[in-house]
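K.L.:
could you look at this predicted model? Sequence included:
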Amino acid sequence: MDFTGKVALVTGAGNGIGRASSLGFAKRGARLVLVDRDAAAGEATAGIIRQQGGQATFVAADVTKSADVQAYVKAALDAYGAIDCFHNNAGIEGAVANTAEYDEAMFDAVMGVNVKGVFLGLRHVLPVMLNQKRGAVVNTASVAGLVGSPGMPAYVASKHAVIGLTKVAAGEVARSGVRVNAVCPGPIDTRMIHSLESMMSPADPASAGQRYQSSIPIGRYGTAEEVANVVLFLCSDLAGNVTGAQYVVDGGRTATPGAATSTMAR
């Protein structure tokens with residue numbers, strides 16, 4: 001898991017899993033291009049990397065806009081001349097509501113970030129990797145891309161789509177030295193899960209958290225670093241024969257049918 005001399009591009013790098021994977025890449029020698037629409041959070045991640053002696057460039061971008069995606073790809077090439085690893089990670093959870101009551105604008109927003117954002121990342125990064133004849137992409141999906149989760153129609157649909165995009169892209173580029181995989185986190189101790197707790201139980205979010213953690217076989221939420229470790233593995237030469245796969249990181253939640261019926265997003 002040595003990324004010395006390599007360039008890693010991470011979207012949604014301002015917090016959570018994106019920040020953890022960014023710090024993990026940097027710790028192992030990679031030069032980072034960090035992308036987030038929250039400039040303060042993205043610059044904070046870049047600042048941590050620089051304080052630890054690493055190299056990081058931050059680009060503020062809206063991943064739903066093709067021009068912004070092209071701009072972050074150009075920034076990576078201008079700064080470092082290559083993109084070896086791409087953690088296509090930016091995502092939002094949306095609202096919690098049954099399908100029959102789900103707000104159309106919210107549905108569009110979730111699909112925009114989680115599906116179009118991932119597609120645009122692939123659309124503009126893959127040509128760079130194909131030209132290099134090397135590269136590894138990890139899309140952040142979710143266990144919500146493998147099972148249903150009542151009250152989250154947009155998020156579940158979007159993450160199923162991410163897995164589909166992963167498989168299609170992997171098959172298209174496999175013979176060109178480029179690999180594309182997905183990571184599927186279960187409930188992870190990040191801002192997103194605590195936002196969902198508040199939506200599920202506004203009066204007592206802590207009780208919702210306790211209930212969900214008790215249903216996870218390992219008895220706790222995962223950590224962003226635990227997901228990042230799988231992302232790093234999938235981007236490393238250790239995973240040279242792995243492409244078109246989805247790696248579940250959920251503490252055993254989807255392995256137990258009773259727990260999977262109420263899966264909470266990452």
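P.N.:
Structure's in. What do you need?

K.L.:
hey, let's count contacts and neighbours off CA atoms from now on
P.N.:
Fine.

K.L.:
check which helix or strand V183 maps to.
P.N.:
Element membership for V183 (DSSP states H and E) is strand 178-185.

K.L.:
what is that strand packed up against?
P.N.:
Where contact means 3 or more C-alpha pairs under 8 Å, 6 or more residues apart in numbering; DSSP states H and E, strand 178-185 is packed against strand 135-140, helix 153-173, helix 224-235, strand 246-249.

K.L.:
looking at those, which is nearest to A30?
P.N.:
helix 224-235 (10.9 Å; C-alpha to C-alpha).

K.L.:
quick one: average pLDDT of the closest one?
P.N.:
What helix 224-235 shows for mean pLDDT is 98.

K.L.:
and the angle from it to strand 135-140?
P.N.:
Helix 224-235 and strand 135-140 are oriented at 150 degrees to each other (axes from the mean of the first three to the mean of the last three C-alpha atoms, to 10 degrees).

K.L.:
just the angle for helix 224-235 relative to strand 178-185, thanks.
P.N.:
Using the same axes, to 10 degrees, helix 224-235 lies at 160 degrees relative to strand 178-185.

K.L.:
ranges for the helices of the stretch 51-200 of the chain?
P.N.:
66-80, 104-111, 117-132, 153-173, 191-200 (DSSP state H, counting those that start in this stretch).

K.L.:
mean pLDDT for the ones you listed: which is lowest?
P.N.:
helix 191-200 (a mean of 70).

K.L.:
tell me the helix or strand right after that helix.
P.N.:
Defined by DSSP H and E, the subsequent element after helix 191-200 is helix 205-214.

K.L.:
buried sites along that following helix?
P.N.:
For helix 205-214, burial by neighbour count (16 or more other C-alpha atoms under 10 Å) applies to 205, 208-209, 212-213.

K.L.:
and stretch 111-123, by the same measure?
P.N.:
Result for stretch 111-123 [16+ other C-alpha under 10 Å]: buried residues 111-123.

K.L.:
quick check: of those residues, which lies closest to A144?
P.N.:
Nearest member of the buried residues of stretch 111-123 to A144, counting by C-alpha to C-alpha, is N114, at 12.2 Å.

K.L.:
picking up where we left off before, as a markdown table, the buried residues of helix 205-214 with pLDDT and distance to M106 would be great.
P.N.:
Compiled in a markdown table, the buried residues of helix 205-214 are given as follows (pLDDT from 0 to 100; distance: C-alpha to C-alpha, whole Å):
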| residue | pLDDT | distance to M106 |
| --- | --- | --- |
| P205 | 71 | 22 |
| A208 | 74 | 23 |
| G209 | 76 | 24 |
| Y212 | 73 | 24 |
| Q213 | 78 | 27 |
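
K.L.:
residues contacting the residue lying closest to D62 once chain neighbours are set aside?
P.N.:
Spatial nearest neighbour of D62, excluding adjacent residues (C-alpha to C-alpha, 6 or more residues apart in numbering): R37 at 5.4 Å. Residues counted as contacts of R37 (C-alpha atoms under 8 Å, 6 or more residues apart in numbering) are 12, 60-63.

K.L.:
out of those, grab the one that's most surrounded.
P.N.:
Within the contacts of R37, neighbour counts (other C-alpha atoms under 10 Å) peak at V63, which reaches 29 neighbours.

K.L.:
next, the contact list for the spatially closest residue to it that is not a sequence neighbour, please.
P.N.:
Closest residue in space to V63, ignoring its immediate chain neighbours: G117 at 4.7 Å, by C-alpha to C-alpha, 6+ apart. Residues near G117 by C-alpha under 8 Å, 6+ apart: 63-65, 90.

K.L.:
can you list the residues that contact stretch 150-157?
P.N.:
Contacts of stretch 150-157 (C-alpha under 8 Å, 6+ apart): 92-99, 102, 107, 110-111, 114, 144-145, 147-149, 262.
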